[in-house]
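Engineer: Okay, structure incoming, though there's no sequence with it:
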């Protein structure tokens with residue numbers, strides 16, 4: 001198989017249709033390789049990105065793979081010809097082999113109880129799927145609902161303000177990522193990334209995620225996708241239990257011996273508890289499982305403070321963002337809604353940055369506790385909403401926190417959420433402010449030209465009262481700098497909605513080189529909640545990495 005990078009196609013040659021794109025790409029690849037189009041078989045896209053540096057001449061850049069009709073020998077001969085002409089740059093022969101799920105270990109160690117995976121976010125789902133396909137029959141427990149019921153609960157919260165603390169945008173199958181656009185872009189490197197993308201596609205995500213440089217699934221599609229992954233786990237021998245939460249971790253002689261699980265029937269409200277003997281627990285609880293963090297602290301499981309970020313959501317008109325980034329090509333179906341990523345480093349030594357930018361998206365109510373407002377963002381698969389939104393955040397460093405409690409960051413998050421709830425007047429209404437007023441330190445009293453999308457409604461005022469001064473001062477200094485980088489970002493009637501506090505976990509559950517807790521054998525912290533990931537892709541990859549380590553650990557034990 002031949003892989004060729006750097007294939008550039010002018011936007012003017014594309015109309016947004018997949019068939020047209022593939023036809024154009026086949027011809028471009030044939031020209032690059034000096035072969036006839038019919039000599040190429042199995043042409044596929046490996047990567048697709050946009051070069052919009054010249055707004056009058058936007059280019060799409062592809063990495064393509066194809067086989068030559070003559071097979072391996074023909075491909076080698078082609079590379080030799082290109083090398084002799086000094087035209088082999090960006091062309092290489094590759095193997096189609098990719099990293100897959102681990103081989104079955106033969107049998108599960110039933111005498112020690114099941115391997116318990118706590119949390120069905122992306123880390124937990126992919127870890128449990130890997131363990132199940134290795135024949136280890138994991139028990140995956142999730143405190144929230146399955147994706148279908150969870151969607152109904154979230155919709156009811158948006159419409160009525162009624163919050164279910166056990167099932168919401170933070171908790172339930174798929175985790176927080178299910179209702180945050182489903183962005184699959186990541187800055188991390190992992191051999192598992194391709195496997196994650198292929199699994200999502202097999203579960204129903206659009207196949208374009210396999211080659212888009214900035215892939216996303218969409219919060220309208222993700223509930224079905226994660227439901228299919230649950231079905232994959234069960235078909236492979238795993239068990240998935242929703243409305244089932246970890247309430248105790250039993251440790252003796254430095255090793256996990258059992259967990260206590262509390263289950264609730266969502267229809268009858270009947271609650272039951274059981275102690276489940278086990279020797280291996282994968283902790284994929286997510287960044288909002290504050291009760292789990294408290295349990296770990298009480299059980300002396302080693303944790304440490306880590307840097308996290310807080311701030312607000314900022315909304316602009318998507319058409320303005322498209323024009324700022326794509327110029328006269330804005331609106332082209334081949335480009336779609338434009339995303340942005342901004343970061344500013346200030347003389348104070350602090351930084352502000354955009355986070356989880358949602359093109360054509362909506363600000364969502366992401367609370368998981370009574371009396372606290374939390375915002376996040378999401379987009380549907382078509383990204384056709386009128387507004388663009390993004391987190392606008394600044395870091396909270398461990399040295400910013402008082403005292404020595406490892407959960408001081410949780411306390412800060414909660415205090416800001418409660419301040420936002422009070423500023424909104426209750427019922428999960430969120431405080432909001434126009435950028436111009438925020439920059440001049442005055443409260444807002446009315447909407448401008450951008451209608452807020454937060455579903456519970458907003459109360460105009462001063463969002464800075466809900467955050468520490470070092471956060472608001474950093475954001476206030478950064479907005480004009482961001483406006484110089486992205487025209488219109490500092491538009492005076494852009495909307496700030498507060499507060500965004502759950503971008504990442506404020507703690508790390510410390511683990512060693514073997515990926516187990518440094519203080520408790522048999523406890524495997526994983527994903528965002530444990531402090532080892534920052535998004536869907538990195539969380540899923542971390543889940544697979546831990547699963548690989550657990551499989552190796554079980555295999556070693558079975559060989560003894």
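Structural biologist: Perfect, I can see it now. Please read these numbers as outputs of a predicted model, since none were measured by experiment.

Engineer: quick one: low-confidence ranges for the stretch 451-560 of the chain?
Structural biologist: Nowhere does the stretch 451-560 of the chain drop to pLDDT under 70.

Engineer: do the chain as well
Structural biologist: Applying pLDDT under 70 to the chain flags the ranges 106-110.

Engineer: any idea whether residue 455 is helix, strand or coil?
Structural biologist: Applying DSSP: H, G, I helix; E, B strand; the rest coil to residue 455 yields a three-state assignment of coil.

Engineer: Spit out the contact partners of the closest residue to it other than its chain neighbours.
Structural biologist: Spatially, and ignoring its direct neighbours in sequence, residue 455 is nearest to residue 158 (4.0 Å; Cβ to Cβ, 6 or more residues apart in numbering). All C-beta spots, glycine's among them, are computed from the backbone N, C-alpha and C. For residue 158, the contacting residues are 364-365, 455-456, by Cβ atoms under 8 Å, 6 or more residues apart in numbering.

Engineer: most neighbours, which of those residues?
Structural biologist: residue 364 (26 neighbours; other Cβ atoms under 10 Å).

Engineer: What are the buried residues along stretch 221-237?
Structural biologist: 221-223, 225-230, 232-233, 236-237 (16 or more other Cβ atoms under 10 Å).

Engineer: what ranges do the helices span in the stretch 451-560 of the chain?
Structural biologist: 469-485, 536-559 (DSSP state H, counting those that start in this stretch).

Engineer: and what of the chain?
Structural biologist: For the chain, the helices defined by DSSP state H occupy 18-33, 71-84, 122-133, 147-160, 193-202, 222-235, 290-298, 318-326, 408-424, 435-439, 469-485, 536-559.

Engineer: As a markdown table, those with distance to residue 370 would be great.
Structural biologist: Converted to a markdown table, the helices of the chain look like this (distance: least, Cβ to Cβ, whole Å):
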| stretch | distance to residue 370 |
| --- | --- |
| helix 18-33 | 47 |
| helix 71-84 | 63 |
| helix 122-133 | 25 |
| helix 147-160 | 12 |
| helix 193-202 | 34 |
| helix 222-235 | 25 |
| helix 290-298 | 13 |
| helix 318-326 | 33 |
| helix 408-424 | 9 |
| helix 435-439 | 28 |
| helix 469-485 | 24 |
| helix 536-559 | 27 |
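
Engineer: out of those helices, deepest packed?
Structural biologist: A comparison of those by mean neighbour count, using mean count of other Cβ atoms under 10 Å, puts helix 122-133 on top with a mean of 30.

Engineer: Between helix 536-559 and that one, find me the angle.
Structural biologist: 30 degrees (axes from the mean of the first three to the mean of the last three Cα atoms, to 10 degrees).

Engineer: Just name whatever secondary elements helix 122-133 is in contact with.
Structural biologist: strand 116-118, strand 139-142, helix 193-202, helix 222-235, strand 281-283, helix 536-559 (3 or more Cβ pairs under 8 Å, 6 or more residues apart in numbering; DSSP states H and E).

Engineer: now do 6 Å
Structural biologist: On a contact count with 3 or more Cβ pairs under 6 Å, 6 or more residues apart in numbering; DSSP states H and E, helix 122-133 meets strand 116-118, helix 222-235, helix 536-559.

Engineer: partners of the shortest one in the sheet?
Structural biologist: Each strand that strand 116-118 pairs with, and the sense of that pairing, follows from DSSP bridges: strand 139-142 (parallel), strand 281-283 (parallel).

Engineer: Buried residues of it, list them for me.
Structural biologist: For strand 116-118, burial by neighbour count (16+ other Cβ under 10 Å) applies to 116-118.

Engineer: what's stretch 441-458 in contact with?
Structural biologist: With Cβ atoms under 6 Å, 6 or more residues apart in numbering as the test, stretch 441-458 has contacts from 158, 315, 317, 362-363, 365, 387, 428-430, 432-434, 437, 460-462, 493, 495, 497.

Engineer: oh, I was asking about stretch 181-195
Structural biologist: 98-99, 209, 214-219, 222, 358, 378-379, 535-538, 541, 544.

Engineer: Mind doing that once more with 8 Å?
Structural biologist: With Cβ under 8 Å, 6+ apart, stretch 181-195 has contacts from 98-101, 196-197, 200, 205, 209, 213-219, 221-222, 225, 356, 358, 361, 377-379, 534-538, 540-541, 544-545.

Engineer: got the buried residues for stretch 392-407?
Structural biologist: 392-396, 400-401, 406-407.

Engineer: follow-up on the earlier one: ok, which of the strands paired with strand 116-118 comes nearest residue 175?
Structural biologist: Among these, the nearest to residue 175 by Cβ to Cβ is strand 139-142 (8.7 Å).

Engineer: got the contact list for that closest one?
Structural biologist: For strand 139-142, contacts defined as Cβ under 8 Å, 6+ apart pick out 114-120, 124-125, 128, 171-173, 233, 238-246, 261, 276.

Engineer: Between the contacts of residue 158, which sits nearest residue 521?
Structural biologist: Distances from residue 521 to these, taken by Cβ to Cβ, are shortest for residue 364, at 39.3 Å.

Engineer: residues contacting that closest one?
Structural biologist: 158, 169, 179-180, 375-378, 454-455.

Engineer: switch the cut-off to 6 Å
Structural biologist: 376, 378.

Engineer: Give me the buried positions along the longest strand anywhere in the chain.
Structural biologist: Ranked by number of residues, the top strand in the chain under DSSP state E is strand 40-51. Neighbour-count burial for strand 40-51 flags 40, 43, 45, 47-48, 50 (criterion: 16+ other Cβ under 10 Å).

Engineer: May I ask which two of these are separated the most?
Structural biologist: Pairwise distances across the buried residues of strand 40-51 peak at 24.3 Å for 40 and 50 (criterion: Cβ to Cβ).

Engineer: before we move on, the earlier item: looking at the helices of the stretch 451-560 of the chain, spot the one closest to residue 272.
Structural biologist: Closest of the helices of the stretch 451-560 of the chain to residue 272 is helix 536-559, at 27.6 Å (criterion: Cβ to Cβ).

Engineer: orientation of the closest one relative to helix 222-235 in degrees?
Structural biologist: What separates the directions of helix 536-559 and helix 222-235 is an angle of 10 degrees, with the same axes, to 10 degrees.

Engineer: which helices and strands sit right next to helix 536-559?
Structural biologist: helix 122-133.
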